[in-house]
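Visitor: structural data only, the sequence is not supplied:
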């Protein structure tokens, strides 16, 4: 009996020892498995704190760099909106929900760890360093989904199911939807309204105008890749108080004609891209605005061919005529990326007609080269075939280069940009001289070689200058052209954006100088004020309006959550043209954040 009891005790001890070993092992496994699960909680919390608002650290033609990349979960194809730095200088997630003016819409084209390159889909204002870009709502949602998928991939315990793993199926469905067909979530934002105004000219002549204004930013219409963006303002009806009134085109009317608006189709799943409206040809912006359309088709990954046609309504174009039409075809080669080296080259042929008579037959060439943010080169050239103008006393030209513009710029530091430019015209430009003081014609005032520099001397204070010696084919001597300006982003910490510009020029079409200034301020999130004015003197055989002063004032405010009210006043005093103009606009706004 004793031997049996002792044997049983040994068996019990061995059994208890085995149980202890299994228990310790299970506890160790449990502790090991729980460790990463506990680590996931703060990771998820950190993802909620990731930025949605980023700064522009470099800007060039057609693209810009942001101070965020993979570390902030930015991905190629994400969409962003660009705004000016708020007057108070505060950078927070709240700027997404304020009613600041959207200067441009961007798409991420290349991503690094701490920076990314964005292409400019549409621009409605000046793009510069220091502005803010924030993710659109659909891109924010896309980033959250990507973070969820990444976290799901790190699950330490994999369960098996008789009919498939729901987690795997969900992730697989998400990835397949991205590869097979993206279902874009569009943004709808804009406003439209009716204008009523009047113009009082010298001699007691009065006229009344009824018009319409449209400002739209509508992307992925109906879940497609059609977009509608831009600004337009025009007169629907003009009535005059006197039969002798000529209803002269005012400075405000001319500025309105420089707007762009239209439908654009651009899909990553289709080789076709097209645009209809008043817009630039994307591959050749040197042709200026076209009121018509274009169609392009990708032949390979880097080659695109297409054609375009329409009228040329932009009075700031170097070759402008209100009765002119243009049509042509082109081929474009684009390769590389903005993160390293990018090259884009366009060649084409086109013809213009005035009153449906052929005026020009020409070839055009445009080239872009950039190396990171340090070097950028742009050139535009047009060469005409021999022609005789259809206009009375329009003259004739032999075959040869009619216009060229080249620009080489360097940016060794984010606050310093300098470069050299060369401008050539064989014929006198035909833009509207009244736009001289607005700064929109500065590119055409310098003929010959010139240099420019732009430097942010201290935060929010930028100086810029241009200096060159002009020599056109019709000049008997060289002349010195010069321009200077200063921009203050937050004048005396009042939130005012101020700019003062001075230019003096002497070229083949005339000589003169002008001084202009602009002031703007967001009084509140719902009210914006803008003032623009200047003085110009111009001596030329093209016009007898040698001296002029102008002043334009705009007040824009929201009325409730859905309506807006805008007032415009313009004053113009010149040698041969004097008038004052006012316009009141009341309209409806939709989309975005409403206060």
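Guide: Arrived safely. Fair warning: this is a prediction, and the values are worked out from it, not measured in the lab.
Visitor: count of neighbours near residue 69?
Guide: Using other CB atoms under 10 Å, residue 69 is surrounded by 21 other residues. For the C-beta atoms, the positions are set from N, CA and C on the backbone; glycine is no exception.
Visitor: that one touches residue 116, doesn't it?
Guide: Yes. The criterion here is CB atoms under 8 Å, and residue 69 meets it with residue 116 at 4.7 Å.
Visitor: would you list every one of the helices in the stretch 351-500 of the chain?
Guide: Assigned by DSSP state H, counting those that start in this stretch, the helices in the stretch 351-500 of the chain fall at 442-445.
Visitor: tell me where the model's unsure across it.
Guide: 389-395, 428, 437, 470-479 (pLDDT under 70).
Visitor: ranges for the strands of it?
Guide: For the stretch 351-500 of the chain, strands defined by DSSP state E, counting those that start in this stretch occupy the ranges 357-371, 375-384, 387-388, 396-397, 400-413, 416-425, 448-458, 461-470, 479-491, 496-507.
Visitor: show me where pLDDT drops low in the stretch 1-150 of the chain?
Guide: Low-confidence segments of the stretch 1-150 of the chain, defined by pLDDT under 70: 1-49, 61, 99, 146-150.
Visitor: the most centrally placed residue in the chain bridge partners, please.
Guide: Closest to where the C-alpha atoms of the chain average out (CA atoms, centre = their mean) is residue 123, at 2.3 Å. On the basis of DSSP bridges, residue 123 takes part in beta bridges with residue 104.
Visitor: cool, residue 557 as well?
Guide: Taking DSSP bridges as the rule, residue 557 bridges to residue 527, residue 565.
Visitor: thought it was touching residue 527?
Guide: Yes. Residue 557 is in contact with residue 527 according to CB under 8 Å; the separation is 4.2 Å.
Visitor: and for residue 86, the neighbour number?
Guide: Using other CB under 10 Å, residue 86 is surrounded by 18 other residues.
Visitor: hang on, residue 255 in a helix?
Guide: Yes. Assessed by DSSP: H, G, I helix; E, B strand; the rest coil, residue 255 belongs to a helix.
Visitor: residue ranges for the strands of the stretch 1-150 of the chain, please.
Guide: Secondary structure of the stretch 1-150 of the chain by DSSP E, counting those that start in this stretch: the strands cover 53-60, 63-66, 79-83, 104-111, 116-123, 132-135.
Visitor: contact partners of the fourth one?
Guide: When contacts are defined by CB atoms under 8 Å, 6 or more residues apart in numbering, strand 104-111 is touched by residues 63-64, 69-70, 74-82, 116-125, 127, 133, 217, 219, 229, 337-339.
Visitor: closest one to residue 406 among the strands of the stretch 1-150 of the chain?
Guide: Closest to residue 406 of the strands of the stretch 1-150 of the chain is strand 53-60 (CB to CB; 15.6 Å).
Visitor: can you pull the buried residues of that closest one?
Guide: Using 16 or more other CB atoms under 10 Å as the test for burial, strand 53-60 gives 53, 54, 55, 56, 58, 59, 60.
Visitor: out of those residues, which is nearest to residue 397?
Guide: Nearest to residue 397, judged by CB to CB, of these is residue 60 at 34.2 Å.
Visitor: please name the nearest non-neighbouring residue to that closest one.
Guide: In space, and not counting its chain neighbours, residue 60 is closest to residue 376: 4.9 Å by CB to CB, 6 or more residues apart in numbering.
Visitor: touching, the one you found and residue 344? I think so.
Guide: No. In this structure, residue 376 is not within contact of residue 344 by CB under 8 Å, at 11.4 Å.
Visitor: what do the two both touch?
Guide: Contacts common to residue 376 and residue 344, judged by CB under 8 Å, 6+ apart, are 368, 369.
Visitor: residues contacting residue 58?
Guide: Counting by CB under 8 Å, 6+ apart, residue 58 makes contact with 64, 65, 129, 373, 411, 414.
Visitor: now list the buried members of those residues.
Guide: Buried residues within these, defined by neighbour count using 16+ other CB under 10 Å: 64, 65, 129, 373, 411.
Visitor: and the second one, what does it touch?
Guide: Residue 65 makes contact with 56, 57, 58, 59, 115, 116, 117, 118, 338, 373, according to CB under 8 Å, 6+ apart.
Visitor: equivalent analysis for the third one, please.
Guide: Residue 129 sits next to 56, 57, 58, 59, 414, 415, 456 when contact means CB under 8 Å, 6+ apart.
Visitor: same for whichever strand or helix holds residue 520, what does it pack against?
Guide: With secondary structure defined by DSSP states H and E, residue 520 is part of strand 510-524. In terms of contacts (3 or more CB pairs under 8 Å, 6 or more residues apart in numbering; DSSP states H and E), strand 510-524 is packed against strand 496-507, strand 527-539.
Visitor: report the buried residues of the last one.
Guide: Read it as strand 527-539. 528, 531, 532, 533, 534, 536, 537, 538.
Visitor: what angle separates it from strand 496-507?
Guide: Using axes from the mean of the first three to the mean of the last three CA atoms, to 10 degrees, the direction of strand 527-539 lies 20 degrees away from that of strand 496-507.
Visitor: so what's the gap between strand 527-539 and the chain middle?
Guide: 23 Å (CA atoms, centre = their mean, to the nearest Å).
Visitor: now the angle between strand 510-524 and it, please.
Guide: Using the same axes, to 10 degrees: strand 527-539 against strand 510-524 is 170 degrees.
Visitor: repeat that for the shortest one.
Guide: The directions of strand 496-507 and strand 510-524 differ by 170 degrees, with the same axes, to 10 degrees as the criterion.
Visitor: one step back: and which of the buried residues of strand 53-60 is nearest residue 439?
Guide: Distances from residue 439 to these, taken by CB to CB, are shortest for residue 59, at 18.1 Å.
Visitor: how about the nearest residue to that closest one, chain neighbours excluded?
Guide: residue 127 (5.0 Å).
Visitor: ditto for residue 318
Guide: Sequence neighbours aside, residue 429 is the residue nearest to residue 318 in space, at 4.4 Å (criterion: CB to CB, 6+ apart).
Visitor: my guess is the one you found meets residue 315, correct?
Guide: No. Look at residue 429 against residue 315 with CB under 8 Å: they stay out of range, at 11.3 Å.
Visitor: of those two, which one has the most company?
Guide: Counting neighbours by other CB under 10 Å for residue 429 and for residue 315 shows that residue 315 has the greater number, 24 against 19.
Visitor: my read is that one is in a strand, agree?
Guide: No. Assigned with three-state DSSP, residue 315 falls outside any strand and is coil.
Visitor: make residue 1 into 27 and carry on from there
Guide: Yes, from this point I'll number from 27; that puts the last item at residue 341.
Visitor: tell me how far the residue lying closest to it once chain neighbours are set aside lies from residue 276.
Guide: Spatially, and ignoring its direct neighbours in sequence, residue 341 is nearest to residue 458 (3.9 Å; CB to CB, 6+ apart). According to CB to CB, to the nearest Å, residue 458 and residue 276 sit 11 Å apart.
Visitor: how about the contacts made by the nearest residue to residue 242 once chain neighbours are set aside?
Guide: Sequence neighbours aside, residue 216 is the residue nearest to residue 242 in space, at 3.7 Å (criterion: CB to CB, 6+ apart). Going by CB under 8 Å, 6+ apart, residue 216 touches 240, 241, 242, 243, 244, 615, 616, 617.
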